[in-house]
Structure formats: C-alpha cells, structure tokens
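Student: what follows is a predicted protein model with its sequence.
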Amino acid sequence: MINLTDSALEAVRDAIVSAVEPMGGLRILVEAGGCAGYQYKMGLVSDAEPDDTVVERNGVKVFVDMKSHELLAGTTIDFVVALEGSGFTFENPNAASSCSCGKSFG
C-alpha cells in the first residue's frame, strides 16, 4: 500500500481544485532512468487505467500501474516546504539506494 501524509494529501487536493480541466486523481509511476536506476513520475489524470491499483484516502485518489505498484509498496509520500524548495518526497522501503535529489532510486 502507498501512504500519503496529510501534507501530501493537501497538496494533491489543491492541485486538483486548481486544475483547468476536471481531474480524477494523481498518477504515480516508476520508470527506468534517473541517476539511481528508477525515477518517480507524478501527474494529475482524469481517470484510472484498466490495470491500475486505486488508493483512496480522504477523498484523494492515487492511481498506480501494476509494475510500479510492486516497486512502491509501503512507500510514504510527503509534501515538504523548505527554504531549498517545496516538493514531494518519497520514503520507499524497496529502495536499496537513492540519489540526493530524492526523485530517483535503485
């Protein structure tokens, strides 16, 4: 299961409300690439794909494809506001290593 902190839920909810077109939720996926082997990708989408796992918490839907779901199982996603910049962070127990930017893992 993928967990979103209250801060992440609020950030996603705000993005959905601010979107020009109606959005159904947040798609999170893992692709080959980045400096550590895999990279996280996120974006708002209108609907789930047929093979997606749908995680819903407090009215926010997160869509994850089957391949990515295995790599993200147990991950906690947070939204952090810091002097260096704001953004989502991933605490992934499946990652043996990660890069300094936090957007890539191996």
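Tutor: Great, that's in hand. Everything numeric here is computed off the predicted structure, so don't read it as measured data. Residues are numbered from 1 along each chain as shown.
Student: okay, and the beta partners of G87?
Tutor: For G87, the beta-bridge partners are V80 (DSSP bridges).
Student: count of residues packed around it?
Tutor: 15 (other Cβ atoms under 10 Å). The way it works is simple: take the backbone N, C-alpha and C, and place the C-beta from them, glycine included.
Student: try N3
Tutor: 14.
Student: tell me what it is bridged to.
Tutor: Under the criterion used (DSSP bridges), N3 bridges to T76.
Student: need the contact list for it.
Tutor: R57, G74, T75, T76, I77 (Cβ atoms under 8 Å, 6 or more residues apart in numbering).
Student: whichever of these end up buried, select them in PyMOL.
Tutor: Buried members of those can be picked out in PyMOL with the line below, counting by 16 or more other Cβ atoms under 10 Å:
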select buried, resi 57+75+77
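Student: farthest pair within the contacts of N3?
Tutor: R57 and G74 (15.0 Å; Cβ to Cβ).
Student: I am finished for the moment; much appreciated.
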